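Engineer: One predicted model, sequence on top.
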Amino acid sequence: MVRSDARNKEVALARIKRLASSGLPLEPFVRTLFVLINDAIPNSPNQTFHIGSDRSDSYICDTPEVNQKVPLHERYSIDAPPAVSGARFRLDVATMRQLFKTKIIWVHEEIMQPNSHRFEGFSAVTRPVGFHHCLMILFQESGDLAGCYPIWRVADQKPLSAEDTAFISASAPHIAYGLKTAQLMRRPATRSAEISFAPLAGWEAGSILIDQAGQPIAMDAQAQLIFQQIALLDGITVDALRLPQLRKAFDYIAKTLREIFHDPDSGLSVSVPPVARVYLHWTGIVLKLRGVYMMGADGRDYTTVLVERGETKEARWRRLAARWGLGEREAEVLRLIAESRTGPEIAILLEISHETVRKHTSAILAKLGVENRAAAAAVARDFT
């Protein structure tokens, strides 16, 4: 079923309103927002969101490709003058705080200079991830900057329209409310072998080599990307994550690994195999870490920590419900459909009538835009 642009915006706005009260942690909230905004305003698959902190490099990025560009963004858009960046002004937090006092929506021509695609900053940062023209939204809640969201389009997508900006105007207060709520509900970091874990598509596993004292001595590019995002959100500067000076980054990773592998029952560090831990960051980012023994050429024992990037299964289901506008009971029915449960089995498990299961199933198929249970199950299983 193909909906009109106006209908897409109407449905997305209703789902954003529900997302604002979902109680999702900050990172899964922002990633759900990426999808819902894209439903209404199709844009680049590479998306990024500044969380409104005092740091210019505190971004949540949807893909590793954008995450890689955060240090370059700092170099070419924050530290560099307009003659290099191609922007009309510095894109730092102090400037954003001043801008949102005048208005919340800024179109491309107000942000970027004419022919900005010819500037060094554009070539180094935005062109490689497919960014071409944008709309920047500055969310504010009770006079505070709650976040900054540049909606980028690729070169072959049309300029953003008056209908697009009207949709953002209607959505912005609800998004700002949800952002502020997620920030205020900051949860302490936890680590446990029992936390459910669902990997994120597009993020490869990384590895960190640590010595017998538990100190990192090397890490690959994937591990650096995975830790880069949580380090920036924890206030580590982007400069500390740049090669060749990674001392602060290694100190941060060593501290984080000690926290993750600490055994609360024995009081001992168990950062050696066979140990696996799942680490839930305060933003809702989840890491799964496994230790693997190895012996170096020097005859010493080392441990390789394999790191996967993901989320909790609960957060994935809550994001799926928010993305498709499912009620709580509808989400439960869909979860059981995805497990290949029959209608009578679902009725027994949820203690509802078979007719009620049919009604919920019909509503689910309509919201997902699919024709049968098998297609609905595929949507649920493939959701990332």
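Structural biologist: Ah, there it is. Numbering: from 1, shown residues only.
Engineer: Please make it C-alpha for all contacts and neighbour counts, starting now.
Structural biologist: Noted.
Engineer: Could you confirm S207 falls within a helix?
Structural biologist: No: counting by DSSP: H, G, I helix; E, B strand; the rest coil, S207 is not found in a helix; it is strand.
Engineer: That one against T304, yeah?
Structural biologist: Yes: using C-alpha atoms under 8 Å, S207 is in contact with T304, at 6.4 Å.
Engineer: Spell out which residues are contacts of both of these two.
Structural biologist: Residues touching both S207 and T304 (C-alpha atoms under 8 Å, 6 or more residues apart in numbering): none.
Engineer: which residues does the closest residue to D220 other than its chain neighbours contact?
Structural biologist: Using C-alpha to C-alpha, 6 or more residues apart in numbering and skipping residues adjacent in sequence, the residue nearest D220 is S207, 5.9 Å away. Contacts for S207 (C-alpha under 8 Å, 6+ apart) come out as M219, D220, Q222, A223, T304, V305, L306, V307.
Engineer: Leaving out the residues flanking it, which one is nearest to the fourth one?
Structural biologist: Of all residues not flanking A223 in the chain, G206 sits nearest, at 4.1 Å (C-alpha to C-alpha, 6+ apart).
Engineer: Assess the claim that that neighbour and L289 are in contact.
Structural biologist: No: if you go by C-alpha under 8 Å, G206 and L289 don't touch, sitting 9.6 Å apart.
Engineer: rewinding a little: name the nearest of the contacts of S207 relative to V278.
Structural biologist: V307 (9.7 Å; C-alpha to C-alpha).
Engineer: gap between the closest one and L280?
Structural biologist: Counting by C-alpha to C-alpha, to the nearest Å, the gap from V307 to L280 is 13 Å.
Engineer: and for the two, which residues touch both?
Structural biologist: Looking at what touches both V307 and L280 (by C-alpha under 8 Å, 6+ apart), the common residues are L287.
Engineer: quick revisit: so which of G206 and L289 has more stuff around it?
Structural biologist: L289 (24 against 21; other C-alpha atoms under 10 Å).
Engineer: Could you pull up the residues touching the more buried one?
Structural biologist: Neighbouring residues of L289 by C-alpha under 8 Å, 6+ apart: A276, R277, V278, Y279, V305, L306, V307, E308.
Engineer: Tell me what the residue nearest to D220 is bridged to.
Structural biologist: L306 (DSSP bridges).
Engineer: per-residue confidence for it?
Structural biologist: Looking at S207, its pLDDT stands at 92.
Engineer: Give me the contact list for the host helix or strand of T32.
Structural biologist: Using DSSP states H and E, T32 falls within helix 26-40. Residues outside helix 26-40 that contact it (C-alpha under 8 Å, 6+ apart) are 5, 8-9, 12, 15-16, 19, 47, 49, 60, 62, 164, 167, 179, 182-183, 283-285, 315, 319, 322-323.
Engineer: Please convert the buried members of those residues into ChimeraX selection syntax.
Structural biologist: Buried residues among the contacts of helix 26-40 (16 or more other C-alpha atoms under 10 Å), as a ChimeraX selection:
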select :8,9,12,15,16,19,47,49,60,62,164,167,179,182,183,283,284,285,315,319,322,323
